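In: Predicted model and sequence follow; I will ask about them next.
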Amino acid sequence: DMGVTTPPAAVAFNSALAAARRAPSRAKLTRQQLLRCLFAASSAGCAHLLGTPSLAHALAPRSSTPSTTAQSAGEFVLFRADDHSFEFMLPPGWVGVTAASDERSSPSHIIDVTACQLGSGATVRAIVDGGSRGRNYGKSLADLGSLNEVASRLVADELIRDDEAKGAVVVDFEQVDYSSQDEPFYYVVRYIVGFKPVIAKLAICDGRLYCVKVKTNEVSERAAVFFDQDSTLSREMEEIARSYRVARVNPICLAQSNAGRTPVGGSC
């Protein structure tokens, strides 16, 4: 290779993409998951579908009492990981579909959770990689490569994963920095794969890779202008991506989480 070496973090990133391709895609919801999703929205809410009791409590509307886990109409709901390492908001009409037993069962990732929008089938998938999966991503996204390089690899990987896609293109990308010592900077990439718009937001923190993808699952001939035109779905996708935040966790909590275990209550 003419003496050119790939940074270890970039190698880890490529390995994670390859492992994810071999694993079943949880963003493609099964019939059972969709039925649970619909049941949750029409009865007691969806909080119990997104992980442990502490996660269910975190998912409840912030104005509710601690014992309330139902989703209230017209309110955003907060999803927070069991190790408090990341969180994001779900707009009304978006519900969780990851069962408690599945949150840490991915063969490729430490944490892997999915939510969907009722009606459109659009999905949110948030993953944490590293730790017990044997990959260290370094100190920041700069260790993975430039924003342009990471965006290109993301889109190439999506094209491989989507058997029906005939093409993929990056629409735009940006670096987002919230200027907090406890929070990393992010890469945000908007792209189209198989006429399906996607927003990905990535960060590296505590040697782990964090990524959320918000994706439409309906082919649209107007996908090329999806991000330029105002629509309810595009606004909600942007809101979810914007609300996705990563935070450092203390060493005791991090060690438990990296070992693939739900942290003991109070340790995070």
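Out: Received it, and whenever you're ready, just let me know what you need. Numbers count the residues shown, from 1 in each chain.
In: Need the pLDDT of the nearest residue to residue 171 once chain neighbours are set aside.
Out: Excluding its sequence neighbours, the residue lying closest to residue 171 (Cβ to Cβ, 6 or more residues apart in numbering) is residue 190, at 4.4 Å. Heads up, the C-betas are built off the backbone N, CA and C, glycines and all. For residue 190, the model assigns a pLDDT of 92.
In: which secondary structure element contains residue 190?
Out: According to DSSP states H and E, residue 190 maps onto strand 186-193.
In: quick one: least confident helix or strand in this structure?
Out: Within the chain, judged by mean pLDDT, DSSP states H and E, the helix or strand with the poorest mean is helix 53-59; its value is a mean of 32.
In: Assign a three-state SS to residue 234, would you?
Out: With DSSP: H, G, I helix; E, B strand; the rest coil as the basis, residue 234 sits in helix.
In: what's the neighbour count on the residue nearest to it when sequence neighbours are not counted?
Out: Counting by Cβ to Cβ, 6+ apart, residue 234 lies nearest to residue 226, which is 6.0 Å off, once chain neighbours are set aside. Residues lying near residue 226 (other Cβ atoms under 10 Å) number 20.
In: And residue 171, by the same measure?
Out: Burial of residue 171 is recorded as 19 neighbouring residues (other Cβ under 10 Å).
In: next one: residue 262
Out: Residue neighbour count, defined by other Cβ under 10 Å, stands at 19 for residue 262.
In: How about it, nearest residue that isn't a chain neighbour?
Out: In space, residue 262 is closest to residue 82, 5.1 Å off (Cβ to Cβ, 6+ apart).
In: That neighbour belongs to a strand, doesn't it?
Out: No - the assignment for residue 82, made by three-state DSSP, is coil rather than a strand.
In: Run a quick neighbour tally on it.
Out: Neighbours of residue 82 under the rule other Cβ under 10 Å: 24.
In: what does the one 3 residues further on give?
Out: Applying other Cβ under 10 Å, we find 24 residues neighbouring residue 85.
In: For it, give me its contacts.
Out: Applying Cβ atoms under 8 Å, 6 or more residues apart in numbering, we find residue 85 in contact with 111, 128, 205-206, 208, 210, 246-247, 249, 257.
In: didn't the residue nearest to residue 234 look like it was pressed against residue 220?
Out: Yes - assessed by Cβ atoms under 8 Å, residue 226 is found in contact with residue 220 at 6.7 Å.
In: picking that back up, rebuild the contacts of residue 85 as a markdown table, extending it with secondary structure.
Out: Output for the contacts of residue 85, formatted as a markdown table (three-state DSSP):
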| residue | secondary structure |
| --- | --- |
| 111 | strand |
| 128 | strand |
| 205 | strand |
| 206 | coil |
| 208 | strand |
| 210 | strand |
| 246 | strand |
| 247 | coil |
| 249 | coil |
| 257 | helix |
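In: mind listing the helices in the stretch 101-250 of the chain by residue range?
Out: For the stretch 101-250 of the chain, the helices defined by DSSP state H, counting those that start in this stretch occupy 147-161, 232-243.
In: Adding mean neighbour count and mean pLDDT, write these out as a markdown table.
Out: Below are the helices of the stretch 101-250 of the chain laid out as a markdown table (neighbours: other Cβ atoms under 10 Å; pLDDT from 0 to 100):
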| stretch | mean neighbour count | mean pLDDT |
| --- | --- | --- |
| helix 147-161 | 17 | 81 |
| helix 232-243 | 18 | 93 |
